[in-house]
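>>> No letters, just coordinates:
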């Protein structure tokens, strides 16, 4: 299956939210408490992506991967990068906020193409779930290293994130 990397339009908000939700279930479902993936949480993802895609921000980098599973083009992954919210205390001027590809499309180069489309070879940092061996290996292959910092957000119980820096 081939895919193409593209700039999303505001009409892609629902499709990106759907991938965001499904990828979180695939990646973090075993770590989060039962009932975490409520309709309210899902609606929050939809609102988030409507806002991201509906708000002009020249510093934000968003790309989608479009594939044709089943003969119809659909979003199969996405990436979002930009300046960190607290640039003064951040280790790099660019943060990879999100990079998700549906599990059915892993090992096909989709994540690599998305990463390159939003970061290139620029210095950056990211947060990765610390037991996600697959993601850590992927980021290491792309020049990132674990930087020793960890964080836990109250809204994501059970997920401990480790910072990686390039």
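That came through, no problem. Owing to the predicted nature of the structure, the values given are computational and were not obtained by experimental measurement. Residues are numbered from 1 along each chain as shown.

>>> quick one, helices of this protein?
13-28, 39-54, 110-119, 133-141 (DSSP state H).

>>> Give the rounded mean pLDDT of the lengthiest strand in the chain.
Using DSSP state E to define each element, the chain has its longest strand at strand 74-82. In this model, strand 74-82 has an average pLDDT of 97.

>>> Counting neighbours, which bits of that strand end up buried?
74-82 (16 or more other C-beta atoms under 10 Å). (Glycine included, C-beta is placed from N, CA and C.)

>>> would you turn those residues into CSV with distance to residue 58?
Shown next, in CSV, are those (distance: C-beta to C-beta, whole Å):
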residue, distance to residue 58
74, 28
75, 23
76, 26
77, 23
78, 19
79, 17
80, 14
81, 13
82, 10
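
>>> one step back: which secondary structure elements does the longest strand of the chain sit against?
Packing contacts for strand 74-82, counted by 3 or more C-beta pairs under 8 Å, 6 or more residues apart in numbering; DSSP states H and E, involve helix 13-28, strand 61-67, strand 95-101, helix 110-119.

>>> Can you say which of those is nearest to residue 151?
Judged by C-beta to C-beta, the one of those that comes nearest to residue 151 is strand 95-101, at 12.9 Å.

>>> Check which helices and strands the closest one sits against.
Helices and strands touching strand 95-101, by 3+ C-beta pairs under 8 Å, 6+ apart, are helix 13-28, strand 74-82, helix 110-119, strand 125-129.

>>> now the longest strand of the chain and strand 95-101, what's the angle there?
Orientation of strand 74-82 against strand 95-101 (axes from the mean of the first three to the mean of the last three C-alpha atoms, to 10 degrees) gives an angle of 170 degrees.

>>> Run the chain-centre distance for strand 74-82.
7 Å (C-alpha atoms, centre = their mean, to the nearest Å).

>>> now swap in stretch 76-95 and tell me
11 Å.

>>> thinking again about what came up before, any idea which of the helices of the chain is most buried?
helix 110-119 (a mean of 20; mean count of other C-beta atoms under 10 Å).

>>> between that helix and strand 74-82, how many degrees?
Using the same axes, to 10 degrees, helix 110-119 lies at 40 degrees relative to strand 74-82.
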